[in-house]
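J.: Attaching a predicted model along with its sequence, questions to come.
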Amino acid sequence: MRQLKIYLNTCIINFLFADDAPLLRDATIDFFENSVKMGKYEVYISDIVVAEIEATKNLEKRTKLLNVLTTYPIRFVTEGMSPEIVRLADLYLQQGAIPLKSQVDAFHLAIAVVNQMDILLT
């Protein structure tokens, strides 16, 4: 049986350090330690996730977030910002499936769809 392919957006990685939301933090730590680290799933991110992490103003937090990408077996999607992804994200926004103020979320969704992810965690 093949492993499920999971695409993570930046929020999921942030939850590892969400001390203000201990239930979400603990569930996320459990997921990373007992599923991601153990290779139960193929876990993917895109360049958008890295760019969002690198834009984190708090240097200590940015370092922690970037360390997650090397600590766990996280892969990069094959298709990043292809014309198909841009077109699909635009369609999500134009049709109102994703609010215009959430343009980045439209790209995360389009990346997950084009790369044939089984699950998008957001």
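T.: Cool, the structure landed.
J.: The chain: helices as residue ranges?
T.: Remark: helices assigned in the chain by DSSP state H are 10-14, 22-31, 47-54, 59-71, 83-94, 103-114.
J.: contact partners of the third one?
T.: Spelled out, that is helix 47-54. 8-10, 13, 62, 65-66, 69, 76, 80-81, 104, 107-108, 111 (Cβ atoms under 8 Å, 6 or more residues apart in numbering). Where you see a C-beta, it was placed from the backbone N, CA and C, and this is true even at glycine.
J.: Quick one: buried ones out of those residues?
T.: Listed as buried from these are 8-10, 13, 65, 104, 107-108, 111; burial here means 16 or more other Cβ atoms under 10 Å.
J.: Tell me the one of these nearest residue 119?
T.: Checking those against residue 119 by Cβ to Cβ gives residue 8 as the nearest, at 9.4 Å.
J.: And that closest one, what's its pLDDT?
T.: Predicted confidence (pLDDT) for residue 8: 98.
J.: now swap in residue 29 and tell me
T.: Predicted confidence (pLDDT) for residue 29: 98.
J.: In contact with it, which residues?
T.: residue 16.
J.: What separation do you get for it and residue 82?
T.: With distances taken as Cβ to Cβ, to the nearest Å, residue 29 is found 33 Å from residue 82.
J.: What of residue 70?
T.: 26 Å.
J.: Between these two, which has more neighbouring residues?
T.: residue 82 (14 against 8; other Cβ atoms under 10 Å).
J.: Burial check on the nearest residue to residue 27 once chain neighbours are set aside, number of neighbours?
T.: Spatial nearest neighbour of residue 27, chain neighbours left out: residue 15 (7.8 Å); criterion: Cβ to Cβ, 6 or more residues apart in numbering. By other Cβ under 10 Å, 19 other residues sit near residue 15.
J.: mind listing what residue 15 touches?
T.: Residue 15 neighbours (Cβ under 8 Å, 6+ apart): 21, 24-25, 27-28.
J.: And those residues, which is closest to residue 86?
T.: Of all these, residue 86 sits closest to residue 28, with 29.7 Å by Cβ to Cβ.
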